[in-house]
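In: kindly return the folded structure for what I paste below:
(2 chains)
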Amino acid sequence: EDQVTQSPEALRLQEGESSSLNCSYTVSGLRGLFWYRQDPGKGPEFLFTLYSAGEEKEKERLKATLTKKESFLHITAPKPEDSATYLCAVRINSGYSTLTFGKGTMLLVSP
Amino acid sequence: DAGVIQSPRHEVTEMGQEVTLRCKPISGHDYLFWYRQTMMRGLELLIYFNNNVPIDDSGMPEDRFSAKMPNASFSTLKIQPSEPRDSAVYFCASSPPGLAGNNEQFFGPGTRLTVL
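Out: Model prediction:
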(Lines give C-alpha, C1' and ligand atoms only; values in the text may rest on other atoms or scores of the structure.)
Protein backbone atom coordinates (compact mmCIF):
# COMPACT_ATOMS: atom_id res chain seq x y z
CA GLU A 1 0.00 0.00 0.00
CA ASP A 2 1.22 3.46 -0.84
CA GLN A 3 2.39 5.37 2.18
CA VAL A 4 3.20 8.98 2.95
CA THR A 5 4.80 9.68 6.32
CA GLN A 6 5.62 13.11 7.67
CA SER A 7 7.94 13.90 10.53
CA PRO A 8 8.04 15.32 13.05
CA GLU A 9 4.35 15.48 13.92
CA ALA A 10 4.93 18.82 15.63
CA LEU A 11 7.84 21.24 15.70
CA ARG A 12 8.39 24.31 17.79
CA LEU A 13 11.01 26.84 16.68
CA GLN A 14 12.21 30.19 17.84
CA GLU A 15 11.97 33.00 15.33
CA GLY A 16 15.05 32.82 13.11
CA GLU A 17 15.81 29.18 13.98
CA SER A 18 16.06 27.29 10.68
CA SER A 19 14.91 23.68 10.38
CA SER A 20 13.53 21.06 8.00
CA LEU A 21 10.35 19.04 7.74
CA ASN A 22 10.44 15.57 6.25
CA CYS A 23 8.04 13.72 3.98
CA SER A 24 8.96 10.13 3.14
CA TYR A 25 7.00 8.07 0.68
CA THR A 26 6.79 4.50 -0.47
CA VAL A 27 4.89 4.61 -3.74
CA SER A 28 5.40 3.21 -7.18
CA GLY A 29 5.33 5.56 -10.11
CA LEU A 30 5.50 8.95 -8.45
CA ARG A 31 3.98 11.60 -10.72
CA GLY A 32 4.40 14.51 -8.39
CA LEU A 33 4.95 15.46 -4.78
CA PHE A 34 2.96 18.40 -3.47
CA TRP A 35 3.46 20.61 -0.44
CA TYR A 36 0.52 22.48 1.09
CA ARG A 37 0.21 24.85 4.01
CA GLN A 38 -2.89 24.74 6.22
CA ASP A 39 -3.78 27.46 8.70
CA PRO A 40 -6.23 26.70 11.54
CA GLY A 41 -9.83 26.73 10.35
CA LYS A 42 -8.86 26.95 6.70
CA GLY A 43 -8.35 24.67 3.76
CA PRO A 44 -4.90 23.63 2.55
CA GLU A 45 -3.11 26.17 0.36
CA PHE A 46 -0.79 25.01 -2.40
CA LEU A 47 2.92 25.74 -2.05
CA PHE A 48 5.01 23.58 -4.41
CA THR A 49 5.00 20.65 -6.80
CA LEU A 50 8.14 18.58 -7.35
CA TYR A 51 8.31 16.00 -10.12
CA SER A 52 11.77 14.44 -10.19
CA ALA A 53 14.64 13.61 -7.84
CA GLY A 54 17.02 16.51 -7.49
CA GLU A 55 14.41 19.13 -8.16
CA GLU A 56 14.21 22.13 -5.84
CA LYS A 57 11.70 24.97 -5.52
CA GLU A 58 11.77 28.08 -3.37
CA LYS A 59 9.27 30.58 -2.10
CA GLU A 60 10.32 33.26 0.37
CA ARG A 61 11.74 31.40 3.41
CA LEU A 62 10.68 27.97 2.15
CA LYS A 63 12.62 25.58 -0.04
CA ALA A 64 11.38 22.15 -1.05
CA THR A 65 13.67 19.38 -2.28
CA LEU A 66 13.00 15.89 -3.58
CA THR A 67 14.92 12.61 -3.59
CA LYS A 68 13.78 9.18 -4.71
CA LYS A 69 12.43 8.37 -1.26
CA GLU A 70 11.66 11.63 0.50
CA SER A 71 11.13 15.34 0.31
CA PHE A 72 12.28 18.05 2.65
CA LEU A 73 10.72 21.41 3.31
CA HIS A 74 13.49 23.66 4.57
CA ILE A 75 12.46 26.75 6.53
CA THR A 76 15.14 29.42 6.75
CA ALA A 77 14.95 32.04 9.50
CA PRO A 78 11.25 31.41 10.15
CA LYS A 79 8.87 34.07 11.38
CA PRO A 80 5.77 33.65 13.57
CA GLU A 81 3.56 33.98 10.47
CA ASP A 82 5.10 30.74 9.17
CA SER A 83 3.25 28.89 11.92
CA ALA A 84 0.88 26.42 10.28
CA THR A 85 0.45 22.75 9.49
CA TYR A 86 2.45 21.66 6.46
CA LEU A 87 1.05 18.78 4.43
CA CYS A 88 2.73 16.78 1.74
CA ALA A 89 0.90 14.69 -0.81
CA VAL A 90 1.88 12.37 -3.63
CA ARG A 91 0.28 11.68 -6.97
CA ILE A 92 1.00 8.24 -8.40
CA ASN A 93 0.61 6.53 -11.75
CA SER A 94 -2.30 4.39 -10.70
CA GLY A 95 -4.17 7.25 -9.11
CA TYR A 96 -5.59 9.34 -11.88
CA SER A 97 -5.64 12.89 -10.60
CA THR A 98 -5.75 11.80 -6.98
CA LEU A 99 -3.48 12.89 -4.15
CA THR A 100 -2.54 10.82 -1.10
CA PHE A 101 -1.79 13.08 1.85
CA GLY A 102 0.44 12.65 4.86
CA LYS A 103 -0.89 13.66 8.26
CA GLY A 104 1.15 16.82 8.37
CA THR A 105 3.67 18.60 10.56
CA MET A 106 2.34 21.28 12.88
CA LEU A 107 4.88 24.10 13.03
CA LEU A 108 4.85 26.76 15.73
CA VAL A 109 7.30 29.64 15.49
CA SER A 110 7.63 31.70 18.63
CA PRO A 111 8.77 35.34 18.58
CA ASP B 1 -12.39 34.94 -8.19
CA ALA B 2 -13.91 34.09 -4.82
CA GLY B 3 -12.24 30.70 -4.68
CA VAL B 4 -14.00 27.49 -3.77
CA ILE B 5 -17.13 28.18 -1.75
CA GLN B 6 -18.53 25.75 0.78
CA SER B 7 -21.65 25.88 2.90
CA PRO B 8 -22.47 25.64 5.66
CA ARG B 9 -19.19 26.39 7.46
CA HIS B 10 -20.39 24.64 10.58
CA GLU B 11 -23.07 22.00 11.02
CA VAL B 12 -24.23 20.40 14.24
CA THR B 13 -26.78 17.66 13.96
CA GLU B 14 -28.09 14.67 15.82
CA MET B 15 -27.38 11.08 14.99
CA GLY B 16 -29.76 9.75 12.36
CA GLN B 17 -30.37 13.08 10.66
CA GLU B 18 -29.61 13.80 7.05
CA VAL B 19 -26.75 16.20 6.35
CA THR B 20 -26.09 17.97 3.06
CA LEU B 21 -22.84 19.78 2.38
CA ARG B 22 -22.54 22.11 -0.59
CA CYS B 23 -19.69 23.24 -2.80
CA LYS B 24 -19.23 25.73 -5.61
CA PRO B 25 -15.94 25.17 -7.45
CA ILE B 26 -13.83 27.84 -9.10
CA SER B 27 -15.26 28.81 -12.46
CA GLY B 28 -13.52 27.01 -15.31
CA HIS B 29 -12.25 24.16 -13.17
CA ASP B 30 -13.38 20.78 -14.41
CA TYR B 31 -12.18 18.59 -11.52
CA LEU B 32 -13.96 18.59 -8.17
CA PHE B 33 -12.84 16.65 -5.10
CA TRP B 34 -14.46 15.91 -1.74
CA TYR B 35 -12.13 15.21 1.20
CA ARG B 36 -12.62 14.44 4.87
CA GLN B 37 -10.08 15.47 7.52
CA THR B 38 -9.78 14.04 11.02
CA MET B 39 -6.97 14.03 13.55
CA MET B 40 -6.67 10.27 13.41
CA ARG B 41 -6.74 9.71 9.66
CA GLY B 42 -5.64 13.05 8.24
CA LEU B 43 -6.98 14.21 4.88
CA GLU B 44 -8.73 11.47 2.91
CA LEU B 45 -10.19 11.63 -0.57
CA LEU B 46 -13.82 10.55 -0.66
CA ILE B 47 -14.79 11.06 -4.30
CA TYR B 48 -13.87 13.13 -7.30
CA PHE B 49 -15.62 14.31 -10.44
CA ASN B 50 -14.36 15.29 -13.86
CA ASN B 51 -16.69 17.31 -16.07
CA ASN B 52 -19.52 16.60 -13.60
CA VAL B 53 -19.06 12.82 -13.87
CA PRO B 54 -17.98 10.80 -10.81
CA ILE B 55 -14.67 9.16 -11.62
CA ASP B 56 -13.59 7.47 -8.41
CA ASP B 57 -15.77 7.00 -5.34
CA SER B 58 -13.67 4.29 -3.72
CA GLY B 59 -13.01 6.56 -0.76
CA MET B 60 -16.66 6.91 0.17
CA PRO B 61 -16.88 5.10 3.49
CA GLU B 62 -20.25 3.42 3.01
CA ASP B 63 -23.65 3.66 1.41
CA ARG B 64 -24.71 6.36 3.82
CA PHE B 65 -22.55 8.76 1.83
CA SER B 66 -23.52 10.03 -1.60
CA ALA B 67 -22.28 12.84 -3.80
CA LYS B 68 -23.72 14.55 -6.85
CA MET B 69 -22.60 17.19 -9.30
CA PRO B 70 -25.63 18.29 -11.32
CA ASN B 71 -23.71 21.01 -13.14
CA ALA B 72 -20.26 22.55 -13.42
CA SER B 73 -20.85 25.05 -10.63
CA PHE B 74 -22.41 22.96 -7.87
CA SER B 75 -21.84 19.74 -5.96
CA THR B 76 -23.33 18.18 -2.86
CA LEU B 77 -22.16 15.56 -0.40
CA LYS B 78 -24.98 13.94 1.53
CA ILE B 79 -24.84 11.75 4.61
CA GLN B 80 -28.00 9.84 5.49
CA PRO B 81 -28.32 8.79 8.24
CA SER B 82 -25.47 10.57 9.99
CA GLU B 83 -23.48 8.96 12.82
CA PRO B 84 -21.14 10.43 15.46
CA ARG B 85 -18.13 8.88 13.70
CA ASP B 86 -18.89 11.09 10.69
CA SER B 87 -17.80 14.12 12.71
CA ALA B 88 -14.95 15.72 10.79
CA VAL B 89 -14.05 18.66 8.58
CA TYR B 90 -15.16 18.13 5.00
CA PHE B 91 -13.29 19.94 2.26
CA CYS B 92 -14.18 20.51 -1.33
CA ALA B 93 -11.38 21.25 -3.80
CA SER B 94 -11.29 22.01 -7.50
CA SER B 95 -8.61 21.82 -10.16
CA PRO B 96 -8.33 23.37 -13.61
CA PRO B 97 -8.08 21.35 -16.84
CA GLY B 98 -4.69 19.88 -17.51
CA LEU B 99 -2.76 16.83 -18.65
CA ALA B 100 -4.23 13.90 -16.71
CA GLY B 101 -5.22 16.31 -13.96
CA ASN B 102 -1.70 17.24 -13.01
CA ASN B 103 -2.67 20.67 -11.80
CA GLU B 104 -2.73 21.73 -8.18
CA GLN B 105 -5.95 21.55 -6.23
CA PHE B 106 -7.61 24.62 -4.72
CA PHE B 107 -9.36 23.95 -1.45
CA GLY B 108 -12.41 25.57 0.06
CA PRO B 109 -12.59 26.64 3.71
CA GLY B 110 -14.27 23.41 4.78
CA THR B 111 -17.43 22.44 6.65
CA ARG B 112 -16.98 21.38 10.25
CA LEU B 113 -19.55 18.66 10.93
CA THR B 114 -20.44 17.55 14.43
CA VAL B 115 -22.86 14.67 14.85
CA LEU B 116 -24.15 14.30 18.41
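
In: what are the phi and psi values for residue 34?
Out: Because you didn't say which chain, this covers chain A. phi -120, psi 140 (degrees, to the nearest 10).

In: between the two ends of stretch A:53-64, how far is it?
Out: Taking Cα to Cα, to the nearest Å, the first and last residues of stretch A:53-64 lie 11 Å apart.

In: give the rounded mean pLDDT of it.
Out: Averaged across stretch A:53-64, pLDDT comes to 95.

In: report the buried residues of it.
Out: Across stretch A:53-64, burial judged by 16 or more other Cβ atoms under 10 Å in any protein chain shown covers A:62, A:63, A:64. Backbone N, C-alpha and C define where each C-beta goes, glycine included.

In: the second one and residue A:71 touch, don't they?
Out: No. Using Cβ atoms under 8 Å, residue A:63 is not in contact with residue A:71, being 10.9 Å away.

In: who touches both of these two?
Out: Counting by Cβ atoms under 8 Å, 6 or more residues apart in numbering or on different chains, residue A:63 and residue A:71 have no shared contacts at all.

In: contact partners for residue A:69?
Out: Residue A:69 sits next to A:24, A:25, A:26 when contact means Cβ under 8 Å, 6+ apart.

In: between these, which is closest to residue B:10?
Out: Nearest to residue B:10 among the contacts of residue A:69: residue A:25, at 33.7 Å, using Cβ to Cβ.

In: parallel or antiparallel, list what pairs with the helix or strand where the closest one lies.
Out: Assigned by DSSP states H and E, residue A:25 belongs to strand A:19-26. Under the criterion DSSP bridges, strand A:19-26 sits next to strand A:3-7 (antiparallel), strand A:70-75 (antiparallel) in its sheet.

In: pick the most deeply packed of the ones you listed.
Out: Mean neighbour count (mean count of other Cβ atoms under 10 Å in any protein chain shown) peaks for strand A:70-75 among the strands paired with strand A:19-26, with a mean of 20.

In: C-terminal to that strand, what's the next element?
Out: By DSSP H and E, the next helix or strand past strand A:70-75 is strand A:84-92.
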